[in-house]
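Colleague: following is a predicted model, sequence given first.
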Amino acid sequence: MTAQAALATPSSTLDAVALRADFPTLRRMINGHPLVYLDSAATSQKPQVVIDRMSQFYAEEYSTVRRSIHLLSAKATQAYEGARRTVAQLLNAPETRQIVFTKGATEGINLVAHGYGRKFVGEGDEIIISATEHHANIVPWQMLCEEKGAHLRVIPVNDRGELILEAYEKLLTDRTKLVAVGHVSNALGTIHPVEEIIQMAHAQGAPVLVDGAQAAPHMPVDVQALNCDFYVFSGHKACGPTGIGVLYGKAEWLERMNPFLGGGDMIETVTFEKTTYAPIPHKFEAGTPAIAEVIGLGTAIEYLRNIGLEAIAAYEHELLDQATARLASIPGVTIIGTARRKAAIISFTIDGIHPHDIGTLLDQEGVAIRAGHHCAQPVMARYGLPATARASFAFYNLPSEIEALGAAIEKTIAVFAL
Ligand code: C6P
């Protein structure tokens, strides 16, 4: 095969060229160039089936769920609860009632910080997170620690971006009340050894929350095999709509936890003297939920499962290898995060060019990346950087787009050299 053909030819694991046709945004021209969308870690593009399903719901089926007894409401409730089953299948959750709909990964973590943390964490207790966490998996625990007089402990990371498990082992004590770690770092791309982290925490009797925002859309996740206590992710990074996310929890924890928000539909009985709560998951879904978004998420997950999460992971890994080699070949480019196990996220810097300028100049070539601290300021501080440029890939990206990224970076360097 010629080098040119290799760039155009999709991997055997999935047909990315055919799949791209499902995404209307990917047909756009940006600044006179075909869009090269390399910002899926921020949010993924949406396939037409998801857009259509939500429009159809609003146009033909719209109604509330779990409240009214008319036909439309019964059908909407069926679709809503059907999406919950689809999510349970995606994560291999033992029971559908272990899936709670949230606004996103951020809300899922806050729900656990509130519902578990306020009840089970006290003065002098400790919560362990990692040095690579997104702010969503730092700030809620800091707020909890401040309120309770508890302490945050941080698993350090080595120069490659891998967590140092020997240090983690020393942090685990009988004061550890929870371990909260990302499955995949959004800033470095590291796939953390969550299986081992969970086993070690459980040996100390501590439950584990896994932030799967960057993992669930890109690789198979089996919450039973992981044996995690909580797992969260966001719909909008998984080809679904914004404003919807998922919290999986072990039933024994969800049942013992306090509700997060109080209001309609999360109750069994209410008197002015006392309220009793609905069974899980409804105890955690107060108020009219994001019905169309839940239904859209269900369609998005069916779409991903039809492609196959194994195939997605394998294909994206090929893209990662190709992009790593291409960027490493450019003088002046440094890849930040060189862990042995990585998802398809590459943070990089270019000597003498601020990441924001890289982002702006790449955009002029139609290449959309993210530049900044990626809501992970402590990781940036760890590597002594204010910011990085970040290219992140999805199954709808092509090898030819990695070449476009490489060429745009070379052009940026040439412009700055003038
Ligand atoms: N990361 C990024 O560009 P929300 O905003 O709730 O959908 O997801 C929060 C979140 C939590 N954990 C991780 C590991 C994440 O990557 C994110 C979102 C985006 O990297 C937006 S900052």
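Modeller: That came in fine, so what should we check first? Everything numeric in this text was worked out from a predicted model, so none of it was measured.
Colleague: and Ile413, which of the three is it?
Modeller: helix (DSSP: H, G, I helix; E, B strand; the rest coil).
Colleague: ditto for Ala391
Modeller: For Ala391, the assignment made with three-state DSSP gives strand.
Colleague: what's near enough to touch it?
Modeller: Listed by Cβ atoms under 8 Å, 6 or more residues apart in numbering, the contact set of Ala391 reads 38-39, 323, 345-346, 348, 369, 405. Where you see a C-beta, it was placed from the backbone N, CA and C, and this is true even at glycine.
Colleague: most neighbours, which of those residues?
Modeller: Counting neighbours by other Cβ atoms under 10 Å, the top entry in the contacts of Ala391 is Ile346, with 31 neighbours.
Colleague: I'd like to know which of the contacts of Ala391 are part of helices.
Modeller: In this view, the contacts of Ala391 that belong to helices under DSSP state H are 323, 405.
Colleague: closest one to Gly189 out of the contacts of Ala391, please.
Modeller: Ile345 (3.4 Å; Cβ to Cβ).
Colleague: not counting its neighbours along the chain, what's nearest the closest one?
Modeller: Leaving aside its chain neighbours, Ile345 sits nearest to Gly189 (3.4 Å; criterion: Cβ to Cβ, 6 or more residues apart in numbering).
Colleague: the one you found is in contact with Ser347, isn't it?
Modeller: Yes. Counting by Cβ atoms under 8 Å, Gly189 touches Ser347, with 7.1 Å between them.
Colleague: who touches both of those two?
Modeller: Gly337.
Colleague: number of nearby residues for Ile155?
Modeller: 23.
Colleague: how close does it get to the ligand?
Modeller: As defined by Cβ to the nearest ligand atom, to the nearest Å, Ile155 lies at a distance of 15 Å from the ligand.
Colleague: what pairs with that residue across the strands?
Modeller: Ile155 has these beta-bridge partners by DSSP bridges: Ser130.
Colleague: interface residues of the stretch 201-350 of the chain facing the ligand?
Modeller: 211, 213-214, 234, 236 (Cβ under 6 Å from any ligand atom).
Colleague: please redo it, this time with the cut-off set to 5 Å
Modeller: 211, 213-214, 234 (Cβ under 5 Å from any ligand atom).
Colleague: which ones among those lie within strands?
Modeller: Among those, the ones falling in strands (DSSP state E) are 211, 234.
Colleague: which one of the residues of the stretch 201-350 of the chain next to the ligand has the most neighbours?
Modeller: Ranking these using other Cβ under 10 Å puts Asp211 first, with 31 neighbours.
Colleague: and it, what is it in contact with?
Modeller: 105, 109, 133-134, 136-137, 180-183, 232.
Colleague: mind giving me the ChimeraX select for the residues you listed, buried ones only?
Modeller: This is the ChimeraX syntax for the buried subset of these, where burial follows 16 or more other Cβ atoms under 10 Å:
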select :105,109,133,134,136,137,180,181,182,183,232
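Colleague: correct me, but Thr275 touches Gly264?
Modeller: No. Look at Thr275 against Gly264 with Cβ under 8 Å: they stay out of range, at 11.6 Å.
Colleague: before we move on, the earlier item: export the residues of the stretch 201-350 of the chain next to the ligand to JSON lines and tack on pLDDT?
Modeller: Shown next, in JSON lines, are those (pLDDT from 0 to 100):
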{"residue": "Asp211", "pLDDT": "99"}
{"residue": "Ala213", "pLDDT": "98"}
{"residue": "Gln214", "pLDDT": "98"}
{"residue": "Ser234", "pLDDT": "98"}
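Colleague: can I get the residues of the stretch 201-350 of the chain next to the ligand in JSON lines including distance to His373?
Modeller: Shown next, in JSON lines, are these (distance: Cβ to Cβ, whole Å):
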{"residue": "Asp211", "distance to His373": "17"}
{"residue": "Ala213", "distance to His373": "16"}
{"residue": "Gln214", "distance to His373": "16"}
{"residue": "Ser234", "distance to His373": "19"}
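Colleague: how many residues are close by Glu293?
Modeller: Neighbour number of Glu293 under other Cβ under 10 Å is 22.
Colleague: which SS class is Glu318?
Modeller: helix.
Colleague: quick one, strands of the stretch 251-400 of the chain?
Modeller: Remark: strands assigned in the stretch 251-400 of the chain by DSSP state E, counting those that start in this stretch are 267-270, 275-277, 333-336, 345-350, 367-368, 370-372, 388-392.
Colleague: spit out the contact partners of the residue in the stretch 301-418 of the chain that the ligand sits nearest to.
Modeller: The ligand sits closest to Cys375 of the stretch 301-418 of the chain, with a gap of 3.7 Å, by Cβ to the nearest ligand atom. For Cys375, the contact set (Cβ under 8 Å, 6+ apart) comprises 134-136, 186.
Colleague: between those residues, which sits nearest Lys283?
Modeller: Ala136 (22.4 Å).
Colleague: for that closest one, give its distance to Val194.
Modeller: Per Cβ to Cβ, to the nearest Å, Ala136 is found 17 Å from Val194.
Colleague: kindly report the same for Thr43.
Modeller: Thr43 is 23 Å from Val194, by Cβ to Cβ.
Colleague: ok, those two, which is more surrounded?
Modeller: More crowded of Thr43 and Val194, by other Cβ under 10 Å: Val194, with 24 against 15.
Colleague: coming back round to it: looking at the strands of the stretch 251-400 of the chain, which is buried most?
Modeller: Stretch with highest mean neighbour count among the strands of the stretch 251-400 of the chain: strand 388-392 (a mean of 28; mean count of other Cβ atoms under 10 Å).
Colleague: for Ala150, which non-adjacent residue is closest in space?
Modeller: Asp125 (4.4 Å).
Colleague: coming back round to it: and the residue nearest to Ile345, how far is that from the ligand?
Modeller: 11 Å.
Colleague: give me the neighbour count for that residue.
Modeller: There are 29 residues near Gly189, going by other Cβ under 10 Å.
Colleague: ok, now which ones touch it?
Modeller: By Cβ under 8 Å, 6+ apart, the neighbours of Gly189 are 161, 320, 337, 339, 342-347, 392.
Colleague: which one of these is nearest to Met219?
Modeller: Nearest to Met219 among those: Ala343, at 7.1 Å, using Cβ to Cβ.
Colleague: how many other residues sit next to the closest one?
Modeller: Residues near Ala343, counting by other Cβ under 10 Å: 26.
Colleague: list the beta-bridge partners for the residue nearest to it when sequence neighbours are not counted.
Modeller: Using Cβ to Cβ, 6+ apart and skipping the chain neighbours, the partner closest in space to Ala343 is Val184 (4.5 Å). Beta-bridge partners of Val184, counted by DSSP bridges, are Ile191.
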